[in-house]
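> output the structure for:
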Amino acid sequence: RITLVVGVDLQCCGDRPDSIEEQRRLVETQLIREAIERVLRRTRVDAVIVGGDFNTTQGRAPVQRVQGPAGTRWHLAVAESRHPDGQDWTGDGRGTVCPSKKLDYLLFSAALEVRAARVFDSESSAQSERAAWGLAVEALRPLSEHRPQIVDLAWRKGHEIASAR
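As a prediction, this is how the structure comes out:
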């Protein structure tokens, strides 16, 4: 099976919906979606995965552009990952003027399904898990303000494999 995997790291910052940073994210995501569609037109692909830092400081419009039109074969769903306490933030805003919020996303096509998804944070992980990984409570904080998502995807049962074009 052939999977198209796309990593993103969009423009950061921007404190207003009309900011130059948000406008740039919208252009970046439009170009990413157009590139995905070009690949899908000329190459046999069974599934698509897009993940990374969308920097959604002004809402989900950049994510929605990459998702593509709802109800179409190549519309991408969002893997809803959460911390053990149910929060979904991936960008840690503590100590800054920015609130902690979801900035990072993993999108996937209909041929795949989520078996499990979580935001990994050494501070909210159980002590036994930190011990298994050899991590201190605040191990991730100095590395990045972003927290990784761990998403277990599997091929959806009964889903047709794309035919060669």
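> for the protein, which segments count as strands?
3-9, 47-53, 77-78, 104-108, 112-119, 149-155 (DSSP state E).
> do you know which of these lies nearest Gly71?
strand 77-78 (12.0 Å; CB to CB). C-betas here are computed from N, CA, C, even on glycine.
> touching that closest one from outside, list them.
63, 67, 105-110 (CB atoms under 8 Å, 6 or more residues apart in numbering).
> out of those, which comes closest to Glu145?
Tyr105 (15.8 Å).
> count the residues that sit near the closest one.
24 (other CB atoms under 10 Å).
> pretty sure it sits against Gly51.
Yes - Tyr105 is in contact with Gly51 according to CB atoms under 8 Å; the separation is 6.7 Å.
> now list whatever residues contact both of those two.
By CB under 8 Å, 6+ apart, no residue touches both Tyr105 and Gly51.
> let's see stretch 84-104 as CSV, backbone CA atoms only.
Extracted in CSV, the C-alpha atoms of stretch 84-104 (Å, rounded to 0.1, in the frame of the first residue of the first chain):
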residue,chain,number,x,y,z
PRO,A,84,-4.7,12.1,30.2
ASP,A,85,-6.8,14.7,31.9
GLY,A,86,-8.8,15.4,28.6
GLN,A,87,-7.1,18.6,27.6
ASP,A,88,-6.1,18.9,23.9
TRP,A,89,-3.4,21.6,24.0
THR,A,90,-0.1,20.8,22.2
GLY,A,91,1.4,24.3,22.5
ASP,A,92,2.4,25.1,26.1
GLY,A,93,1.8,28.8,26.6
ARG,A,94,2.7,28.9,30.3
GLY,A,95,4.9,31.8,31.2
THR,A,96,4.0,33.6,27.9
VAL,A,97,1.2,36.0,26.8
CYS,A,98,-0.2,33.1,24.6
PRO,A,99,-2.6,30.6,26.2
SER,A,100,-1.9,26.9,26.0
LYS,A,101,-3.8,25.6,23.0
LYS,A,102,-3.9,23.1,20.2
LEU,A,103,-1.3,24.1,17.6
ASP,A,104,-0.3,20.7,16.2
